[in-house]
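J.: Need the 3D shape of this:
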Amino acid sequence: MSDNSISIVCKKSTYPHNKGKAAEILEWLVSCNIVKPSLSDCVLSSKNGYAVSDGAKAAVNEPDYLRYGLAINGLDIVTDRTIFDTGGNGIDELICPNCKSDISKEDWDFLEP
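T.: Prediction:
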């Protein structure tokens, strides 16, 4: 599916006014020119997303690794409770926000459809 995927996830399973906070974060990313302001077909979703912009180079440690030439290279905003799938590549780590331990090796079979 992809070379790399990063998910930024709230520590709480529910977040008050999550759509407003998502809009605020998006506005900040656009103001820093990290993502483009208009929706485009740049994410692996039936929805559109926000393509990476030139300002992203200033926001990362190694800008040479940014893949501007890829058709699928953007921000997908999800505000509903979701299980983020790694595409069958496994989970390297999954840190519990309460106990701070790695729970990636736990039995997660109950999540299967």
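
J.: where along the protein do the helices fall?
T.: Per DSSP state H, the chain carries helices over the ranges 18-31.

J.: pLDDT below threshold where in it?
T.: 1-4, 84-91, 110-113 (pLDDT under 70).

J.: Which strand runs longest in it?
T.: strand 35-40 (DSSP state E).

J.: Who are the packing partners of it?
T.: Applying 3 or more CB pairs under 8 Å, 6 or more residues apart in numbering; DSSP states H and E, we find strand 35-40 packed against helix 18-31, strand 49-52, strand 74-75. Heads up, the C-betas are built off the backbone N, CA and C, glycines and all.

J.: Dump the ones you listed to a markdown table, plus mean neighbour count and distance to Pro37.
T.: Conversion of these to a markdown table gives the following (neighbours: other CB atoms under 10 Å; distance: least, CB to CB, whole Å):
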| stretch | mean neighbour count | distance to Pro37 |
| --- | --- | --- |
| helix 18-31 | 13 | 5 |
| strand 49-52 | 21 | 8 |
| strand 74-75 | 20 | 11 |
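
J.: if we compare these, which one ends up closest to Arg81?
T.: Among those, the nearest to Arg81 by CB to CB is helix 18-31 (9.6 Å).

J.: right, so of the helices and strands packed on strand 35-40, which gets closest to Tyr65?
T.: strand 49-52 (11.8 Å).

J.: Each with direction, which strands does that closest one pair with?
T.: strand 35-40 (antiparallel), strand 74-75 (antiparallel) (DSSP bridges).

J.: Kindly present those strands as JSON lines, with separate columns for distance to Asp109.
T.: Listed next are those as JSON lines, based on distance: least, CB to CB, whole Å:
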{"stretch": "strand 35-40", "distance to Asp109": "36"}
{"stretch": "strand 74-75", "distance to Asp109": "31"}
